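K.L.:
give the three-dimensional model of this entry:
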Amino acid sequence: MRKHLLWAFTALLTLTLFTACDEDHAIAYDLEGQWQGDFGMYYEYEYHGRIYRYDSYDTDIRFVPSSSFSTHGYGYQIDWYTAGPYDYMSMQFEWQARDGAIYLHYPYNPDWDAVIYDYRLNDYYFSGYFGDTRIHFSLHKIDGYYDWDAYDYTYPWPYWRSAGRDNASTEETEGRIVRIGNRMAEQGK
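P.N.:
Presented below is the predicted three-dimensional model:
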């Protein structure tokens, strides 16, 4: 009897582990690709002693798996702005699907790191909440070609003006970025 209970417990544990692993693979499979929506990014810009805040109106984001059937990988993110001295901000991040949650890690700014527990994800839509907050985000999958190589993802993050000048030249003459963040993550703290 004792051997049968031990065998049954081992079988149940194995089934549970494989189910969690299969769930993470399914999440990674659905997550892979290009998405568009609002991730709540902003930057603050100091100009002649005054600080101005500019919220992004749209985010393009791409999840790339490390290999076939991988539950982790890297990604690209471009946040778009209608106002302010810069049109967009581009960056790279790392992601992982683990135990049913999605982890986002920004190597050069860990303050942006997030865990997404409560979400809905399918082939067309990705919506949910950052961490244990009630701050909602919503993305939809986009098809077709997007020229991700047209943007630079090296650190320090590049910021571009409509005229095509980078932030080093404009910061020296006009002002400087003093803070970059995620308004959704800040509201949740």
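
K.L.:
ok, residue 35 - how many residues close by?
P.N.:
Here the count is done by other Cβ atoms under 10 Å, and residue 35 has 21 residues near it. Where you see a C-beta, it was placed from the backbone N, CA and C, and this is true even at glycine.

K.L.:
that one contacts residue 138, correct?
P.N.:
No: counting by Cβ atoms under 8 Å, residue 35 stays clear of residue 138, with 9.9 Å between them.

K.L.:
how far does stretch 40-54 sit from its chain's centre?
P.N.:
Distance, stretch centre to chain centre, for stretch 40-54: 22 Å (Cα atoms, centre = their mean, to the nearest Å).

K.L.:
what comes up buried for it?
P.N.:
40-43, 45, 54 (16 or more other Cβ atoms under 10 Å).

K.L.:
low-confidence ranges, this protein, go.
P.N.:
Low-confidence segments of the chain (pLDDT under 70): 1-21, 153-173, 184-189.

K.L.:
who's in contact with stretch 137-156?
P.N.:
33-40, 59-62, 76, 78, 88, 90-92, 107-108, 123-130, 158, 184 (Cβ atoms under 8 Å, 6 or more residues apart in numbering).

K.L.:
three-state assignment of residue 149?
P.N.:
Recorded secondary structure, residue 149: helix (DSSP: H, G, I helix; E, B strand; the rest coil).

K.L.:
residue 54 contacts residue 43, correct?
P.N.:
Yes: judged on Cβ under 8 Å, residue 54 makes contact with residue 43 at a distance of 5.7 Å.

K.L.:
what do those two both touch?
P.N.:
In contact with both residue 54 and residue 43: 81, 84, 86, using Cβ under 8 Å, 6+ apart.

K.L.:
most neighbours of all the residues you listed, which one?
P.N.:
residue 86 (22 neighbours).

K.L.:
sorry, back to before: what sits in contact with each of residue 35 and residue 138?
P.N.:
If you check residue 35 and residue 138 against Cβ under 8 Å, 6+ apart, the residues they both contact are residue 126.

K.L.:
tell me which helix or strand the most centrally placed residue in the chain sits in.
P.N.:
For the chain, the residue nearest the mean C-alpha position is residue 104 (5.7 Å; Cα atoms, centre = their mean). Using DSSP states H and E, residue 104 falls within strand 101-105.

K.L.:
what of residue 115?
P.N.:
strand 114-116.

K.L.:
helices or strands up against that strand?
P.N.:
strand 101-105 (3 or more Cβ pairs under 8 Å, 6 or more residues apart in numbering; DSSP states H and E).

K.L.:
quick check: buried residues in the strand it packs on?
P.N.:
Buried residues in strand 101-105 (16+ other Cβ under 10 Å): 102, 104-105.
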